[in-house]
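Chemist: here you go, sequence then predicted model.
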Amino acid sequence: MALSEASLCLNHMLLSNSSSNFGKQRNLGLVQFHHSLRTLGNGIKRCGFRSISFCSTDRTNLTKRSCLLSCKCQRADRVSGLTADDGRPASLSINGKTNVSNVQELNELLQSDGEGVASGDTNGGGTVGGRKGIEEEAWDLLKESVVYYCGNPIGTIAASDTSSSSILNYDQVFIRDFIPSGIAFLLKGEYDIVRNFILHTLQLQSWEKTMDCHSPGQGLMPASFKVRTVPLDGDNSVTEDVLDPDFGEAAIGRVAPVDSGLWWIILLRAYGKCTGDLSVQERVDVQTGIKMILKLCLADGFDMFPTLLVTDGSCMIDRRMGIHGHPLEIQALFYSALLCAREMLAPEDGSADLIRALNNRLVALSFHIREYYWIDMKKLNEIYRYKTEEYSYDAVNKFNIYPDQIPSWLVEFMPCRGGYLIGNLQPAHMDFRFFSLGNLWSIVGGLATVDQSHAILDLVEEKWSELVADMPLKICYPALEGQEWRIITGSDPKNTAWSYHNGGSWPTLLWQLTVACMKMNRPEIAEKAVMLAERRLSRDKWPEYYDTRRARFIGKQSRLFQTWSIAGYLVAKLLLANPSAAKVLITEEDSELVNAFSCMLSANPRRKRGRKGFKQPFII
């Protein structure tokens, strides 16, 4: 459905028919999110911006930023930038078999699947028995989730589940949730919504909100924002759109989102790579936004490690799950964002020190993760024989890890072929859980070596029944149970064993898995996972997550029509159809980083501090 046509009218939103049996209720529930439909008498919307406060003296000549976004309000029936491309072949994929040639074969395949689930092929597919193909349905749902600001598309809501009586914050645009939506639109050639999202979320940086009278750090990006339509100057007949961000002060747990700024940088680079338009990343305000995020992440503190120190719940796992400290997910996104930022930063005198610090951190971070987070059968044997209480620069067991920490499940889980990066590392503590997003993005961003990247995918293949089972993909493995669950999660009723973030299965992780497989030229793994997901996603109404060890049940508190479940599937399909498109997300090590890493390995890191000529910016 082209959003530039009269289908944006309010009456059509209320009366349009969907080929699925839930379309009417969804459209009724979505009216409140399409703010561009609330037009004035003359069909024109006004928009207002709240003031932005800057708390740093090094931004005094950045007054240009106050006019960084000139809002061109227009009639709702003239909104452009989201036209659909319907030039899709009519071949079908049913139960993994493509190009069904006759009615008899079609009926046989439908009967082989109890529910008769038919899916569109990689490019969208047609219909079966009057029912839309899965991919076509997903595109319709994604476009229905679009949020408008002053008549222009700006993002997608988290979920549009009209069956739930409690909306909470699922009607907001989340930074991390929009990433697969943004990638899907980019790969489809619909660029305006991503450009608007990048520039408008940049405007929200350094917002004047506080938590217990304490302001967020300069450069922090919000977790989410909501478009609100409010009366202008007390006149109910005239309204304006305002952006209301949430930095975590309204979220459950009140945790600031560390990953939002990192995802924003990654999406910004993808936009430039996909469109060829570098003018956005070259803007003064965008360059300033990149630098502010980097300065926040590279700031000196008490921590001695090159990894980023964060609180629990500061990433995709946004509740207490024992990932405080240096969780792998944040380190993988941090490394990827540093590489992307270095590629986009304009060469100027003011950036020299920042780029130098960035390069030093990249080398130290890659060494730290590859050496101390990696585990396979060989490394597990080394840890099993560790000596403890070692005090010297020559210590082998640098973090004083006790061999008794090796859990019994890991002894059986670790295959002879394959390995992975552990979830967390702190003094006297190794979190041996497998976290999918951190491992997959370590492949995509180049944090893992080539051998390690292949070993991670080997592990996924070897342990398919545990990590994938009936629905991709476990967010972490294994789940916390019993007394361990009570202590680490605080008896969180939403994070019971094999549910939600505690071992639940998340369809949105399909797109990260697919990008990783494309980079390592192993598309068959992603194809198998997508084929598995297609059997249930549409039938189950696109849930947020699945429960139980084998992901057989829809999550007990899972929202339906979860946007990033829809978008994750679409990105996976688009990349399988065009593997070369994955390059907009992939980052590779350059020769300088490889050489620096080799020098670090060849140098003796156990030298004493008094030796001249040996300077090391980080403890490794």
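Modeler: Happy to help now that I have it. Keep in mind that this is a model prediction, so the values were computed, not measured.
Chemist: so the residue nearest the centre of the chain is in which element?
Modeler: The centroid of the chain falls nearest to R176 when counting by CA atoms, centre = their mean (4.6 Å). R176 belongs to helix 175-187 when elements are defined using DSSP states H and E.
Chemist: next SSE after that helix?
Modeler: Sequence-wise, the next helix or strand downstream of helix 175-187 (DSSP H and E) is helix 192-203.
Chemist: got the angle for whichever helix or strand comes after that following helix vs helix 192-203?
Modeler: Past helix 192-203, heading to the C-terminal end, the next element that is a helix or strand (DSSP H and E) is strand 224-232. Inter-element angle recorded for strand 224-232 and helix 192-203: 80 degrees (by axes from the mean of the first three to the mean of the last three CA atoms, to 10 degrees).
Chemist: what mean pLDDT does strand 224-232 have?
Modeler: Mean pLDDT, computed over strand 224-232, is 91.
Chemist: for it, what is the distance to the chain centroid?
Modeler: Its chain's average C-alpha position is 25 Å from that of strand 224-232, according to CA atoms, centre = their mean, to the nearest Å.
Chemist: and the angle from it to helix 175-187?
Modeler: 90 degrees.
Chemist: residues of the helix holding R176 that come out buried?
Modeler: For helix 175-187, a neighbour-count test (16 or more other CB atoms under 10 Å) marks 175-187 as buried. Placement of C-beta: from N, CA and C, glycine included.
Chemist: in CSV: those residues, plus pLDDT and distance to L410.
Modeler: Below are these laid out as CSV (pLDDT from 0 to 100; distance: CB to CB, whole Å):
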residue, pLDDT, distance to L410
I175, 96, 34
R176, 96, 29
D177, 97, 32
F178, 98, 35
I179, 98, 31
P180, 98, 31
S181, 98, 36
G182, 98, 37
I183, 98, 34
A184, 98, 36
F185, 98, 40
L186, 98, 39
L187, 97, 38
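Chemist: picking that back up, for the helix holding R176, packing partners?
Modeler: Applying 3 or more CB pairs under 8 Å, 6 or more residues apart in numbering; DSSP states H and E, we find helix 175-187 packed against strand 152-156, helix 192-203, helix 259-275, helix 563-577.
Chemist: sketch out the low-pLDDT regions of the stretch 301-450 of the chain for me.
Modeler: Within the stretch 301-450 of the chain, no range satisfies pLDDT under 70.
Chemist: break down it into its strands, ranges please.
Modeler: Remark: strands assigned in the stretch 301-450 of the chain by DSSP state E, counting those that start in this stretch are 374-376, 419-426, 429-435.
Chemist: closest to K541 out of those strands?
Modeler: With respect to K541, and counting by CB to CB, the nearest of those is strand 429-435 at 27.2 Å.
Chemist: between strand 419-426 and the closest one, find me the angle.
Modeler: Going by the same axes, to 10 degrees, strand 429-435 is angled at 140 degrees with respect to strand 419-426.
Chemist: mean confidence score for the longest strand that the chain contains?
Modeler: Criterion DSSP state E: the longest strand present in the chain is strand 235-246. Strand 235-246 shows a mean pLDDT of 88.
Chemist: re earlier: could the helices and strands packed on helix 175-187 be laid out in CSV, adding distance to E484, mean neighbour count and mean pLDDT?
Modeler: Shown next, in CSV, are these (distance: least, CB to CB, whole Å; neighbours: other CB atoms under 10 Å; pLDDT from 0 to 100):
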stretch, distance to E484, mean neighbour count, mean pLDDT
strand 152-156, 36, 26, 97
helix 192-203, 38, 22, 97
helix 259-275, 26, 23, 97
helix 563-577, 29, 27, 98
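Chemist: turn these into TSV, including distance to E249.
Modeler: Compiled in TSV, the helices and strands packed on helix 175-187 are given as follows (distance: least, CB to CB, whole Å):
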stretch	distance to E249
strand 152-156	20
helix 192-203	17
helix 259-275	14
helix 563-577	23
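Chemist: which of the ones you listed sits closest to E135?
Modeler: Of all these, it is helix 563-577 that lies closest to E135, at 5.8 Å by CB to CB.
Chemist: tell me the angle that closest one makes with strand 152-156.
Modeler: Angle between the axes of helix 563-577 and strand 152-156 is 100 degrees (criterion: the same axes, to 10 degrees).
Chemist: flag the shaky bits of the stretch 501-620 of the chain, pLDDT-wise.
Modeler: Across the stretch 501-620 of the chain, the ranges flagged by pLDDT under 70 are 590-591, 593-594, 596-620.
Chemist: can you give me the helices in it?
Modeler: Applying DSSP state H, counting those that start in this stretch to the stretch 501-620 of the chain gives helices spanning 510-519, 523-534, 563-577, 591-602.
Chemist: tabulate the ones you listed (JSON lines), appending distance to V258.
Modeler: Shown next, in JSON lines, are the helices of the stretch 501-620 of the chain (distance: least, CB to CB, whole Å):
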{"stretch": "helix 510-519", "distance to V258": "18"}
{"stretch": "helix 523-534", "distance to V258": "28"}
{"stretch": "helix 563-577", "distance to V258": "18"}
{"stretch": "helix 591-602", "distance to V258": "23"}
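Chemist: so which of these comes closest to I443?
Modeler: Proximity to I443 (CB to CB) singles out helix 510-519 among those, at 4.1 Å.
Chemist: wait, K188 sits on A577?
Modeler: No. Counting by CB atoms under 8 Å, K188 stays clear of A577, with 11.3 Å between them.
Chemist: ok so, going back, return the distance of the helix holding R176 from the chain's centre.
Modeler: The answer for helix 175-187 is 9 Å, by CA atoms, centre = their mean.
Chemist: next: stretch 431-446.
Modeler: 13 Å.
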